[in-house]
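**Q** let's see this in three dimensions:
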Amino acid sequence: MMPLDVFCVLILSIVPAFGGNYFHSSFTGLPYHKPYVKDNFCPNGVPVSFRPRYGASIPNCDPPLGPIEGCEMININIFAPRPYRCPYNGYVSGYSAVPKDKHGNVAVKCCRAQGVTYNERECVQYFRLEDPRYPSPTKPGFYLVGSTPLFIPKGKVGFYNTECRFGRNKPFNSKIY
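**A** Got it, this is the predicted structure:
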């Protein structure tokens, strides 16, 4: 039997071959036997977090980044290791049960806040299991912007998450000296 860390490295090495970004489709895949019954959407479009907080379980909701510009739902599938990214420099505000149906579909809510964005060079990636014992290693100020779902044997689901440091947009200075 292959150790989990070796399996994850092998899977992550082939993920780029699948390409793609976020997608609006469903995929009929393998039957999933461990039902999750909980949706994890944050109220009012605030970002979801996997960092542990005193008295809060994972996932939890962080304070708002600013006034919400808008939100949209995108569909992913845990049986297809296709990466997704929230459009327009948005962040993940929650997701439906993993999976929400027997085909492995999950609805992800992506939102944008006015006046905040991230720099791609400040993003970090890490692997976590869909389990409260595997929190995010990032610090406050980093928010989930996308992921690659991975279906792991024995009914487990893993995610190769991308979190980015969000900050205020800097106004463009057009002054010429």
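**Q** who is Ser84 paired with across the strands?
**A** Quick fix: residue 84 is Tyr, not Ser. Tyr84 has these beta-bridge partners by DSSP bridges: Ser147.
**Q** next, count neighbours for it.
**A** Per other C-beta atoms under 10 Å, the neighbour tally for Tyr84 reads 23. (Each C-beta comes from the backbone N, C-alpha and C, glycine too.)
**Q** swap in the one 5 residues further on?
**A** Per other C-beta under 10 Å, the neighbour tally for Asn89 reads 17.
**Q** repeat for Glu72
**A** For Glu72, using other C-beta under 10 Å, the count is 15.
**Q** and what of the one 10 residues further on?
**A** By the measure other C-beta under 10 Å, the count of residues near Arg82 is 18.
**Q** what's in contact with stretch 87-96?
**A** Contact partners of stretch 87-96, identified using C-beta atoms under 8 Å, 6 or more residues apart in numbering, comprise 22, 39-42, 45-48, 59, 61, 65, 71-72, 74, 86, 106-113, 117-118, 143-147, 164, 166.
**Q** what packs against the lengthiest strand in the chain?
**A** Under DSSP state E, the strand in the chain containing the largest number of residues is strand 156-168. Under the contact criterion of 3 or more C-beta pairs under 8 Å, 6 or more residues apart in numbering; DSSP states H and E, strand 156-168 touches strand 116-118, strand 124-129, strand 142-152.
**Q** need the buried ones from the contacts of stretch 87-96 selected in PyMOL.
**A** In PyMOL, this line selects whichever of these come out buried by 16 or more other C-beta atoms under 10 Å:
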select buried, resi 22+40+41+42+45+46+47+48+59+61+65+71+74+86+106+107+108+109+110+111+112+113+117+118+143+144+145+146+147+164+166
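**Q** so which of the contacts of stretch 87-96 are in strands?
**A** Short answer: the contacts of stretch 87-96 in strands (DSSP E) are 40-41, 48, 61, 71-72, 74, 106-113, 117-118, 143-147, 164, 166.
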